[in-house]
Every structure is written in C-alpha cells, then in structure tokens.
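>>> Show me how the following folds:
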Amino acid sequence: METFIGNNPFSDSFVSENRIKRIFDEQVDNGELIWHRDRKDRVIYVLQGSGWKIQYDNQLPIELVDGQTYYVKKESFHRVHKGIGKLIIEIEEQNEL
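Numbering: from 1, shown residues only. From the prediction side, this is the model:
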C-alpha cells in the first residue's frame, strides 16, 4: 500500500519493519527536495532512476546509479537532486547497537 506522509515529495510503501520503498515522481519540483537529517543510519538501494543525485553536506552531488547502495549516517545533512523520470529506492533503517 502506497502512502503519502505529510507534504513530502515522495510516496512510501512498507516492505518490512525496517525497510521502505520510496518513489519520487517525475513531476516533483526540485525545490521540494530539501536538505534534511534522518534519525537513524540508512542504507539506500537504488532500484530505478536516471540522472538523480544525492548530495551530502559540504560535498558535491554524486549520481545515484541503478543497483548501487549508498549510506546515510544519522543526523547528517543530505538532499536529493532531481533527475529524469521517477526515482525508486528502498531505504533500510539500521538498528542502533
């Protein structure tokens, strides 16, 4: 089941307790893709996307490549830059030790 949470520029569906499938629609406005921090460490799996990028604080954006994995440390600023078409990712939240 796809759900929209608040005014977020994406829709989520829950895959498992700590895994979310997230879709950014091709119609999203780049201005909606804001800098933010997450409460937990996350592993991002890119399922589909063309030209979409992730940018970590004080770094240049890097392209998100289909089939690749990216790590986002909790409480670190980051954002997504719009590409062409939809971006489909799975997010796995890491449990704290």
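>>> Setting aside sequence neighbours, what's the nearest residue to T69?
Y45 (5.6 Å; C-beta to C-beta, 6 or more residues apart in numbering). The way it works is simple: take the backbone N, C-alpha and C, and place the C-beta from them, glycine included.
>>> again, but for V65
Leaving aside its chain neighbours, V65 sits nearest to V46 (6.3 Å; criterion: C-beta to C-beta, 6+ apart).
>>> Please name the bridge partners of that neighbour.
I89 (DSSP bridges).
>>> Number of residues surrounding it?
When counting by other C-beta atoms under 10 Å, one arrives at 19 neighbours for V46.
>>> same deal with H36?
10.
>>> Equivalent analysis for W52, please.
When neighbours are counted by other C-beta under 10 Å, W52 comes out with 24.
>>> Going by neighbour count, list what's buried in the helix or strand encompassing Q48.
Assigned by DSSP states H and E, Q48 belongs to strand 42-50. In terms of neighbour count (16 or more other C-beta atoms under 10 Å), strand 42-50 has its buried residues at 42, 44-46, 49.
>>> Serialize those to JSON lines and add fields for distance to Y56 and pLDDT.
Shown next, in JSON lines, are the buried residues of strand 42-50 (distance: C-beta to C-beta, whole Å; pLDDT from 0 to 100):
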{"residue": "R42", "distance to Y56": "12", "pLDDT": "96"}
{"residue": "I44", "distance to Y56": "12", "pLDDT": "97"}
{"residue": "Y45", "distance to Y56": "17", "pLDDT": "98"}
{"residue": "V46", "distance to Y56": "15", "pLDDT": "98"}
{"residue": "G49", "distance to Y56": "17", "pLDDT": "95"}
